[in-house]
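**Student:** kindly return the folded structure for what I paste below:
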Amino acid sequence: MPTLLITGANRGLGLEISKEFLKLGWDVHATCRDPDSALALKAIQKANSDLLNIYKLDVSNDSQINELKEVIGKLPIDILFNNAGTYAAKSGEFGTSDRDTWLDSFNINVISPMKIMETFVDNVADSEKKIIANMSSKMGSIEDNSSGGSYAYRSTKTALNTVVMSASHDLKSKDITVLALHPGWVRTDMGGPNGELSVEESAAGILNNLKNASLIDTGSFFDIDGTIIPW
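**Tutor:** Residues are numbered from 1 along each chain as shown. Predicted structure coming up:
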């Protein structure tokens with residue numbers, strides 16, 4: 001049975017992606033900061049108790065990452081999905097930068113995915129599909145930036161893309177495919193009510209990208225429709 005380990009699975013896209021993999025019969029290991037309040041995720045677990053496992057994980061907490069590794073053990077992970085992230089609206093516009101907010105955003109959006117990749121790389125290497133997916137954003141593309149603003153968010157996603165590219169080279173010898181994924185502009189708490197896509201539409205596009213991905217794609221920055229986004 002193929003296995004997914006996904007962070008930030010209690011709402012929005014993380015929740016929907018978990019649902020879609022469960023429909024495919026995957027063994028899903030979903031994490032969130034507060035499982036007790038993750039009512040939607042827990043409701044799904046009631047109908048999928050044999051497939052869905054929920055764990056407490058603050059992705060910026062190394063102790064919790066290590067504890068999760070102890071629980072997961074040597075279980076092969078076909079897809080490791082770094083989905084958890086933050087927007088950091090306080091440092092969005094020029095003249096509003098806040099050092100603590102920016103640093104916290106880098107910690108969550110850049111360093112945390114790196115630490116999780118490092119912690120679970122052997123689990124991924126021991127699996128059949130060997131994919132590490134990282135939720136990026138087209139807003140991290142320097143070439144695509146035609147409007148400015150969103151300083152903290154843009155810069156963290158650009159940095160994440162650099163991490164993805166470096167990891168794609170370092171892990172190629174293990175046959176691991178490392179990807180950056182743009183989910184589209186989605187109607188979620190982060191994307192707002194005016195997004196172009198529903199969470200269902202976005203999740204379907206993401207699953208299609210993952211289904212078609214192979215080692216030849218490692219280091220790629222995929223748009224929701226499967227095209228390549230310029231760096």
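
**Student:** what about the residue lying farthest from the centre of the chain, distance to G195?
**Tutor:** Most distant from the centre of the chain: G95, at 29.6 Å, with distances by Cα atoms, centre = their mean. G95 sits 27 Å away from G195, going by Cβ to Cβ, to the nearest Å. No exception for glycine: its C-beta is placed from N, CA and C like everyone else's.

**Student:** do L39 as well
**Tutor:** Using Cβ to Cβ, we find L39 at a distance of 23 Å from G195.

**Student:** more crowded one of the two?
**Tutor:** G195 (17 against 11; other Cβ atoms under 10 Å).

**Student:** would it be right to say that G148 lies in a helix?
**Tutor:** No - checked against DSSP: H, G, I helix; E, B strand; the rest coil, G148 lies outside a helix; its state is coil.

**Student:** that one against F94, yeah?
**Tutor:** Yes - between G148 and F94 there is a contact at 7.4 Å, judged by Cβ atoms under 8 Å.

**Student:** so what does the longest helix along the chain touch, helix or strand wise?
**Tutor:** In the chain, assigned by DSSP state H, the helix with the most residues is helix 151-170. Identification of packing neighbours for helix 151-170 by 3 or more Cβ pairs under 8 Å, 6 or more residues apart in numbering; DSSP states H and E yields helix 99-106, helix 112-125, strand 131-135, strand 177-181.

**Student:** any buried residues in the longest one, and which?
**Tutor:** This points to helix 112-125. By 16 or more other Cβ atoms under 10 Å, the buried positions in helix 112-125 come out as S112, P113, M114, K115, I116, M117, T119, F120, V121, N123, V124.

**Student:** can you pull up the most central residue in this protein?
**Tutor:** By Cα atoms, centre = their mean, the chain has its centre lying nearest to N83, at 2.1 Å.

**Student:** quick one, phi psi at it?
**Tutor:** Phi and psi for N83, reported as degrees, to the nearest 10, are phi -100, psi -30.

**Student:** and it, what does it touch?
**Tutor:** Residues in contact with N83, defined by Cβ atoms under 8 Å, 6 or more residues apart in numbering, are I6, T7, G8, A9, L13, G14, I17, M135.

**Student:** adding secondary structure, write the residues you listed out as JSON lines.
**Tutor:** Compiled in JSON lines, the contacts of N83 are given as follows (three-state DSSP):
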{"residue": "I6", "secondary structure": "strand"}
{"residue": "T7", "secondary structure": "coil"}
{"residue": "G8", "secondary structure": "coil"}
{"residue": "A9", "secondary structure": "coil"}
{"residue": "L13", "secondary structure": "helix"}
{"residue": "G14", "secondary structure": "helix"}
{"residue": "I17", "secondary structure": "helix"}
{"residue": "M135", "secondary structure": "strand"}
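
**Student:** most neighbours out of those, which is it?
**Tutor:** Most neighbours among the contacts of N83, by other Cβ under 10 Å: A9, with 32 neighbours.

**Student:** could you list the low-pLDDT ranges of the chain?
**Tutor:** For the chain, the stretches with pLDDT under 70 are 190-192.
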